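1. pasting a predicted model and its sequence here:
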Amino acid sequence: METDVGVEIPKPRFPHRLAKRLLAFRTVPTGPAAITNPQGWAKSDDQSGPNQVDKTTHTSPIAAEALKRIGELYVIEEQIRGRSPEQRQRIRSERAQPLLNALHVWLRQCMEKLFQKSDVARAIHYALELWPSLLRYVNDGRLEIDNNAAERSLRAVALGRKNYLFQGSYAGGEYAAAMYTLIGTAKLNDLDPEAYLSYVLSRIADHPINRLEELFPWNTPVRKTSRSAESEQVG
């Protein structure tokens, strides 16, 4: 059944009451909005092989200069972390865009001097091919300069994947997935997962089903992590 916000997905079979109620309705966004593909700067300097450019910085002044210029972009990101998307977009346009314009010109000039099959040339060529995607974060304050945070969050999955093969039963796997989802969503909203689950579990039994959104992580008065508190002070 199609709704104003998306398409309703059949309710999953979760044996646990908390998961069953909190995950009872899910939607997938629909509409004409285009999907864009932003690229992260953390990966723009290692496409000629694992850590290849880092190895060549000891012998290539061009590689060292490229990493120095990219580092200046990260300095800006550190200074605006925790700001609103609107503030981030404005500051990036004012400070990062001129650096990126200069970097683009400099990279093209370097390509004219380098041996095209060298490691540094391959890395620069890769960055130039992805240039429009590398710039998308500048015009959208919701985006990060790279996807390091997402990759860090997946480390737990990689470390525990063997354990996830043994959940006892299919229903046990669904229950575990539901709990991992709740904990992960709390973390993404900078909430203390233990405090969030304690808050929800103490209220879920008697909470009206038509006010379920009050228990979503972004609507609960639960203490935030120290990282989030620091970001709010900066903002």
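-> Yes, it's here. Please read all numbers here as calculations on a predicted model, not as lab measurements.
2. C-alpha from now on. contacts and neighbour counts both.
-> OK.
3. please enumerate the strands of the protein.
-> In the chain, the strands defined using DSSP state E lie at 7-8, 27-28.
4. rank those strands by mean pLDDT and give me the bottom one.
-> Lowest mean pLDDT within the strands of the chain: strand 27-28, at a mean of 42.
5. and the gap between Ser153 and Met111?
-> 36 Å (Cα to Cα, to the nearest Å).
6. looking at the two, which one has more neighbours?
-> More neighbours surround Met111 than the other of Ser153 and Met111, with 16 against 13 (other Cα atoms under 10 Å).
7. neighbours around the residue lying closest to that one once chain neighbours are set aside, how many?
-> Leaving aside its chain neighbours, Met111 sits nearest to Ala121 (6.4 Å; criterion: Cα to Cα, 6 or more residues apart in numbering). When neighbours are defined as other Cα under 10 Å, Ala121 has 22 of them.
8. dump the residue contacts of Ala121.
-> 111, 114-115 (Cα atoms under 8 Å, 6 or more residues apart in numbering).
9. gap between it and Trp131?
-> 15 Å.
10. check contacts around the residue nearest the centre of the chain.
-> The centre of the chain sits closest to Ala150, judged by Cα atoms, centre = their mean, with a distance of 4.4 Å. With contact set as Cα under 8 Å, 6+ apart, Ala150 has no partners.
11. in this protein, where is pLDDT below threshold?
-> Along the chain, segments meeting pLDDT under 70 span 1-40, 42-59, 164, 225-235.
12. ok, now with 50
-> Scanning the chain for pLDDT under 50 picks out 1-33, 45-58, 228-235.
13. so which bits of stretch 129-146 are buried?
-> Buried residues in stretch 129-146, counting neighbours by 16 or more other Cα atoms under 10 Å, are found at 131, 133-141, 143-146.
14. so for that stretch, first residue to last residue, what's the gap.
-> Using Cα to Cα, the end-to-end distance of stretch 129-146 comes out at 17 Å.
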